[in-house]
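S.K.: The sequence isn't on hand, but the structure is:
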């Protein structure tokens, strides 16, 4: 079997279960709130939590997590930055985690490369995100980044896979009768691999 891409893995997880503690109906409520906020502001979304620099970083990291591919658009096109901003603006604990994590990205990049996360090269950004991508990487120096990136990824995936773009990406056909349903082989292979039965 060929090696799965990160996007395929996220898609398979989304088919199997919700990635974070945001139920689908709550996520849909957030998407609706974003739509209303855009409607009252001439079709554009004005961040409620993030300043301009933070919001640009949120957009960039969201795009790095789920970029556009040949099947569908990116997390940014699916509204992940708006979704994350609205959730953060409604929850003080989440706001602290998000703004603190974004500041951590900038301070860490400034210490290492003398520039903000946004101003770093693509390779430098990816290298830092790769360091904080897994909880097993948590060290005293990286722990704040690991906790932030874990939650941020979950929010991006929730935003993407509950948006029209994400629903189309996983091939959800809705609540209608079917004469036959087959679970995709890639989803079965992923579930078996994760179960330890392989």
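M.R.: Cool, the structure landed. No experiment lies behind these values; they were computed from the predicted model shown. Numbers count the residues shown, from 1 in each chain.
S.K.: show me where pLDDT drops low in the protein?
M.R.: 1-21, 173, 175, 198 (pLDDT under 70).
S.K.: can you give me the helices in it?
M.R.: Counting by DSSP state H, residue ranges of the helices within the chain are 6-16, 24-39, 52-65, 80-89, 92-113, 122-131, 143-161, 164-170, 185-195.
S.K.: Most tightly packed of the ones you listed?
M.R.: helix 80-89 (a mean of 24; mean count of other Cβ atoms under 10 Å). Every C-beta, even on glycine, is put in place using the N, C-alpha and C of the backbone.
S.K.: which residue lies farthest from the center of this structure?
M.R.: residue 179 (34.3 Å; Cα atoms, centre = their mean).
S.K.: Out of the helices of the chain, which gets nearest to residue 74?
M.R.: helix 52-65 (5.4 Å; Cβ to Cβ).
S.K.: Mind listing residues that contact that closest one?
M.R.: 47, 50, 74-76, 80-81, 84-85, 98-99, 102, 105-106, 116-118, 125-126, 129, 152-153, 156-157, 159 (Cβ atoms under 8 Å, 6 or more residues apart in numbering).
S.K.: go on, stretch 133-141?
M.R.: By Cβ under 8 Å, 6+ apart, stretch 133-141 touches 131, 146, 147, 149, 150.
S.K.: can you redo the residues you listed as a markdown table with distance to residue 33?
M.R.: Formatted as a markdown table, those follow (distance: Cβ to Cβ, whole Å):
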| residue | distance to residue 33 |
| --- | --- |
| 131 | 34 |
| 146 | 29 |
| 147 | 26 |
| 149 | 25 |
| 150 | 24 |
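S.K.: Near residue 49, how many other residues are there?
M.R.: 19 (other Cβ atoms under 10 Å).
S.K.: who's in contact with it?
M.R.: Counting by Cβ under 8 Å, 6+ apart, residue 49 has contacts 85, 88, 89, 95, 98, 99.
S.K.: same deal with residue 86?
M.R.: Here residue 86 is in contact with 30, 33, 34, 37, 48 (Cβ under 8 Å, 6+ apart).
S.K.: Just the closest of those to residue 167, please.
M.R.: The closest of the contacts of residue 86, once distances to residue 167 are taken by Cβ to Cβ, is residue 30, at 14.7 Å.
S.K.: What distance do you get for that closest one to residue 22?
M.R.: 8 Å (Cβ to Cβ, to the nearest Å).
S.K.: Name the residues contacting each of these two.
M.R.: residue 87.
S.K.: Give the burial count for the residue lying closest to residue 68 once chain neighbours are set aside, as a bare number.
M.R.: Residue nearest to residue 68 in three dimensions, not counting chain neighbours: residue 74, with 4.1 Å by Cβ to Cβ, 6 or more residues apart in numbering. Using other Cβ under 10 Å, residue 74 is surrounded by 20 other residues.
S.K.: Go ahead and confirm residue 74 touches residue 156.
M.R.: No - checked against Cβ atoms under 8 Å, the pair residue 74 and residue 156 is beyond contact range at 10.0 Å.
S.K.: anything in contact with each of those two?
M.R.: Shared contacts of residue 74 and residue 156, counting by Cβ under 8 Å, 6+ apart, come down to 62, 66.
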